[in-house]
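Asks: The following comprises the amino acid sequence and a computationally predicted model.
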Amino acid sequence: MARRGAGTPFLLQLSLLLLLCPGGTLGCALVAVDPPVVPLGSAVTASCTVQPKLCRTLEQGKVQITWMLDNELMTGSQHQGMGGTEVSNLTLPRFNRTQAKLWCCVEWNGTKQRVGMAEIWAGYPPAKPFNLSCILNLTDYGLTCQWELGASSHLPTSVELKCAGSRTQAVTGCTPRGGRSLCTVPRRLLQLYRQMEIWVSLSNALGTAESEHLLIDPMDVAKLDPPALQSIQSVPFQTDCVTLAWEVARSNAHMELQCELRYRAPEDPAWALVPGIVGQAGTTQCCGFLFGTRYLFQMRCRRSSAQGYWSEWSLGRNYTTHEKAPAGKLDAWWSTGPTGTGGQLEVQLRWKAPRRQEANGQVLGYRVTLSPRRRGRDPPTVCNTTHTHCNFSAPAGTRRVYLSAYNAAGESAATEVILLERKGQPLAGLRVVPGGEHSLWVHWEAPSTPPAAYIVEWQWVSSEPGHCSTCWQMERDRATTTALIRGGIEPFQRYNISVYPLYKEAVGVPVHTAAYSKQKAPSHAPKLHLKSIGKSEAELCWDPVPVEMQNGFITNYTIFWANSMAEVSSATVGSSRSSFIIQELKPSTLYKVHIMASTAAGGTNGTSLTLVTMVLDDIEIQFLFFTLGLIFVLLIFVLICFQKNGRVKQQFWPSVPDPANSSLGKWVPAELQEELLQVPGVREPGLAAISTITVLERAAGKQPCGRCKEPSVETPSTFPALPQPYVRQEGPGAPGGGWAAVEPCRGRGGSSDTVQYARVVGDGYKGQQHVPPRLYLRSSSTQPLLLDASPKPYENLEFHLAAPEHDGCPEELPATFPLLQGLRIGGAEELQDCRAF
């Protein structure tokens, strides 16, 4: 199986070679198309006849015929023909291709094999050529003709140039090559000085076409060689004429020629033409030339008896006419300044250069005098310059100056310039509109009194001083109300325009306006500055945009501001404003602000400015500082009062004894000294602040006040079990607490109830903050007594004895309360009775 599968491709390749070889299938079929060339879009009929006997490998099987138009499959009808042939017919109802190949194919071994082919062409008949023209070249006397073809026929087309003489048959003069539309008929087929008929013939499979027949004498269409200019000279006696001489070409010497002369100056936009010159004359004289002007001259010729072709223009020849003194008056404009030193009048005089037809050559300079020139005497010159402006000083009261121009041939007549005062009637109105990117139209309303002329003045506006140049022009037509400014106008630049009416005895007051020939958005926007800021508003200011950067008239400014929440607000102000106050802002909030400058052609945004509003306004800040200052002054005043007034000082800081220096802090019974040394934590007493002393004592049969409740009595279990009597001290002077002995106090009537113990509680000392100390005295027969002291440290301490209060009811003091006999507190006298407190 493997060998069989491997051999199958080889057998197929071999069969294909047999089909394609001579005598194979490619030669066993005949394809016929009727017709092979058809008009575009018409029907095409084709037939394919296959002879199986001539097609190898097709004799045994049935033949299946198919069609392919280029690569597109087509289906036709099939039947059996004579002699065992198979015939297939195909009809294409509308053939829309200009060229295609039609293939006849047979089915063999599952594939389509091409056995025959026919080519089909489609197109149109040739179009009629037009614009046939011919030129005879006298160098080789060949007639070169050219034409234009019509629409393409999409078919192979033959083109021929036919010619026929009056007594000869039509012949093919020439055939164009390379698809060109011109060819040359040789001299041997031409009949010079006789009429000939010439036309173009086109033909293809669908038809023929011919151009219009041209009847010409080949010599009538001859193109002659150009003449050569020999010399050019000016005619004397200060005229505007010149004499020219030329020579015709040798090939044209036997012909009657008609020539033309043309000339132009470098400033002229077009050539000036002088027709009707006889070629054989060789010389001619022409007039109307400007003095002192350079011209370029050229000449050409043709046969005078025919309307044939002109020769090429001859080589140019330059010539400058002779000069003459300038003629005409100069247009002048002036301005006068304040009188200088020595009573001199400062004059600024400007004028226009003379026109070319008045200059009569190259102007070498200008002269300004204060009086006219007389015979044999030249007036003094105040200005001699090559420029068109002059500043000079003239005597006060000068009303006239005289201006003249001169060249190499002489000096012009002086132009009288009257220095009139500017006090005449102004224009009734003035407006300016663009005339283009480089021009402006000025329109005005004439005053009621007709002026003799107008002065139109324009000046480029600059923000830098000293960079302004003024241009002007004079309109001498007194009836005109418009003027076109062309000189020095550039787009996106501002110009100030002024119009002065000129009267016979005065100069009118000028009317001014500004204009742009073209506008666009400003090049830059102004930079914002923060002038002031508060809690809810901010004042901004900006500098105007320089006039060179405005690119048009600023119509308005738009201010945009946005907070951190992207809430954007805006406001628009006029172009004359340079500051703006933003209101209704939120306190202590960050804002971003920018400005946009706009013209009629668009707007430009500036850089962003970041600002933060204040928490308080200036008035609130001032009030706060005023309040704090007032409080500070009051505090100082109160302190001074406390310092100076002893009664006030004694009221707030009383002088009390120091309990550290009392005998209570130092006295201990002798019999307890040894025991006290054995108590843990008992140390040598130091300075202590006595806050509470509790003396427990009960008088026999004594009852508490009926209005007050019996206070709770401390049990002995709350104190350490120490020998009695003693006093315990707690505080910084006795770390860990200590007990001191207290001498018992006996009551009146010989009561033998002794004081069980007294407790002294220290609550801080030496400048520490603590609660006011209290001294409680307790016995077996009385309720506790309270001794209040000042909250200050126990230096100069004073005690106040009061009965303890229970629910607002003071306890009655006992009649007799001998206590703390021999006790000293802060160096005070020994207390003999409790009531001494």
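Replies: That came through fine. Numbering: from 1, shown residues only.

Asks: for the one helix or strand C641 maps to, packing partners?
Replies: Applying DSSP states H and E as the criterion places C641 in helix 618-644. If you count contacts as 3 or more Cβ pairs under 8 Å, 6 or more residues apart in numbering; DSSP states H and E, helix 618-644 packs onto helix 646-652. C-betas here are computed from N, CA, C, even on glycine.

Asks: For this structure, just list every one of the helices.
Replies: Along the chain, counting by DSSP state H, helices occupy 2-20, 356-359, 547-550, 618-644, 646-652, 673-678.

Asks: mind checking how far the helix holding C641 is from the chain centre?
Replies: 58 Å (Cα atoms, centre = their mean, to the nearest Å).

Asks: same thing with stretch 355-362?
Replies: Taking Cα atoms, centre = their mean, the mean C-alpha location of stretch 355-362 is offset from the chain mean by 49 Å.

Asks: So for that stretch, what gets flagged as buried?
Replies: Buried residues in stretch 355-362, defined by neighbour count with 16 or more other Cβ atoms under 10 Å: E358, A359, N360, G361.

Asks: And for stretch 399-409?
Replies: V401, Y402, L403, S404, A405, Y406, N407, A409.

Asks: What residues does the closest residue to the last one other than its chain neighbours make contact with?
Replies: The reference is to A409. Computed as Cβ to Cβ, 6 or more residues apart in numbering, the closest residue to A409 that is not its neighbour in sequence is E323, at 4.2 Å. Each residue near E323 by Cβ atoms under 8 Å, 6 or more residues apart in numbering is listed here: F291, G292, N360, G361, Q362, N407, A408, A409.

Asks: Give me the below-cutoff pLDDT ranges for the stretch 401-550 of the chain.
Replies: 464-469 (pLDDT under 70).

Asks: Backbone torsions only: list them for A601.
Replies: Dihedral angles of A601 (phi, psi; degrees, to the nearest 10) stand at phi -100, psi 0.

Asks: wait, isn't it in contact with G552?
Replies: Yes - at 5.7 Å, A601 counts as touching G552 under the criterion of Cβ atoms under 8 Å.

Asks: Name the residues contacting each of the two.
Replies: Q519, K520, A521.

Asks: ok, the second one - how many residues close by?
Replies: This means K520. 16 (other Cβ atoms under 10 Å).

Asks: From A600, how far out is it?
Replies: 9 Å (Cβ to Cβ, to the nearest Å).

Asks: Determine the longest strand present in the protein.
Replies: strand 111-123 (DSSP state E).

Asks: Now do the buried residues in it.
Replies: Of all the residues in strand 111-123, those buried under the rule 16+ other Cβ under 10 Å are Q113, R114, V115, G116, A118, I120, W121, A122, G123.

Asks: okay, which residue is most central for the protein?
Replies: Computing the C-alpha centroid of the chain and ranking residues by Cα atoms, centre = their mean puts T604 first, at 6.6 Å.

Asks: Go ahead and confirm that one touches M596.
Replies: Yes - counting by Cβ under 8 Å, M596 is a contact partner of T604 at 6.6 Å.

Asks: joint contacts of the two?
Replies: A525.

Asks: Can you tell me the number of residues neighbouring the nearest residue to E247 once chain neighbours are set aside?
Replies: Nearest non-adjacent residue to E247, counting by Cβ to Cβ, 6+ apart: A228, 5.2 Å away. By other Cβ under 10 Å, 13 other residues sit near A228.

Asks: From R317, how far out is A228?
Replies: Counting by Cβ to Cβ, the gap from A228 to R317 is 9 Å.

Asks: Buried residues, stretch 63-78. List them.
Replies: So stretch 63-78, judged by 16+ other Cβ under 10 Å, has buried residues V63, I65, T66, W67, M68, L69, G76.

Asks: what two of those have the greatest distance between them?
Replies: V63 and L69 (20.5 Å; Cβ to Cβ).

Asks: Let me have the buried residues of stretch 355-362 in TSV, extended by pLDDT and distance to C641.
Replies: Below are the buried residues of stretch 355-362 laid out as TSV (pLDDT from 0 to 100; distance: Cβ to Cβ, whole Å):
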residue	pLDDT	distance to C641
E358	92	106
A359	92	106
N360	92	111
G361	91	110
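
Asks: will you turn those residues into CSV that also has distance to S564?
Replies: Shown next, in CSV, are the buried residues of stretch 355-362 (distance: Cβ to Cβ, whole Å):
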residue, distance to S564
E358, 74
A359, 73
N360, 79
G361, 78
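
Asks: Which one of those residues is nearest to Y503?
Replies: Comparing the buried residues of stretch 355-362 against Y503 with Cβ to Cβ places E358 closest, at 25.6 Å.

Asks: For the closest one, give me its contacts.
Replies: By Cβ under 8 Å, 6+ apart, the contact set of E358 is P326, A327, G328.

Asks: go on, C105?
Replies: Contacts of C105 by Cβ under 8 Å, 6+ apart are I65, T66, W67, M68, K112, Q113, R114, V115.

Asks: right, and the third one touches T91 too?
Replies: No - W67 is beyond contact range of T91, at 10.6 Å (criterion: Cβ under 8 Å).

Asks: who touches both of the two?
Replies: A46, G76.

Asks: Among the shared contacts of A601 and G552, find me the one that's closest to G534.
Replies: Ranked by distance to G534 (Cβ to Cβ), those are led by A521 at 33.8 Å.

Asks: Measure how buried the closest residue to that closest one other than its chain neighbours is and give me the count.
Replies: What sits nearest to A521 in space, not counting adjacent residues and going by Cβ to Cβ, 6+ apart, is G602, at 3.4 Å. Neighbour count of G602, defined by other Cβ under 10 Å: 14.
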